[in-house]
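Student: this one's sequence-less:
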């Protein structure tokens with residue numbers, strides 16, 4: 001597992017990237033600093049990685065999960081309900097590869113929704 005730091009505005013969190021081919025490709029592309037989009041309580045942004053769906057692909061994600069969304073070559077960070085949610089758990093627009101997880105309370109990212117950029121880097 002690779003430890004990373006996620007910074008958005010005044011919010012800084014640690015996360016772990018799992019030992020999968022997609023997660024390794026993302027780790028190799030770090031650091032990344034970019035603008036981001038919000039979709040409910042999800043940040044997503046294009047990254048310079050192109051991977052297909054893999055064995056971790058799912059639409060069942062939890063708060064704190066980090067997914068890779070192949071249709072948009074995007075990283076998705078889930079910290080609460082999305083527009084497709086029917087409860088408290090996030091629901092992605094379509095299947096994502098689960099590539100990592102926030103260490104600690106991912107809901108603090110709600111405070112970063114007005115940030116202009118997000119930075120992901122190795123620790």
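Tutor: Cool, the structure landed. Since we're looking at a predicted model, the values are computed, not measured.

Student: and the most centrally placed residue in the chain, what pLDDT?
Tutor: Taking Cα atoms, centre = their mean, the centroid of the chain lies closest to residue 77, which sits 2.6 Å from it. According to the prediction, residue 77 has pLDDT 98.

Student: list the contacts of it.
Tutor: Residues in contact with residue 77 (Cβ atoms under 8 Å, 6 or more residues apart in numbering) are 6, 42-44, 66, 102, 106, 109. The way it works is simple: take the backbone N, C-alpha and C, and place the C-beta from them, glycine included.

Student: can you tell me the helix or strand for residue 13?
Tutor: Using DSSP states H and E, residue 13 sits within strand 11-17.

Student: neighbouring strands - and their directions - for that strand?
Tutor: Paired strands of strand 11-17, with direction, are strand 2-8 (antiparallel), strand 97-103 (antiparallel) (DSSP bridges).

Student: returning to that earlier point: any chance of the contacts of residue 77 in JSON lines, plus distance to residue 120, pLDDT and neighbour count?
Tutor: Shown next, in JSON lines, are the contacts of residue 77 (distance: Cβ to Cβ, whole Å; pLDDT from 0 to 100; neighbours: other Cβ atoms under 10 Å):
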{"residue": "6", "distance to residue 120": "6", "pLDDT": "98", "neighbour count": "23"}
{"residue": "42", "distance to residue 120": "15", "pLDDT": "98", "neighbour count": "27"}
{"residue": "43", "distance to residue 120": "10", "pLDDT": "98", "neighbour count": "22"}
{"residue": "44", "distance to residue 120": "12", "pLDDT": "98", "neighbour count": "22"}
{"residue": "66", "distance to residue 120": "9", "pLDDT": "98", "neighbour count": "27"}
{"residue": "102", "distance to residue 120": "12", "pLDDT": "98", "neighbour count": "23"}
{"residue": "106", "distance to residue 120": "14", "pLDDT": "98", "neighbour count": "23"}
{"residue": "109", "distance to residue 120": "13", "pLDDT": "98", "neighbour count": "26"}
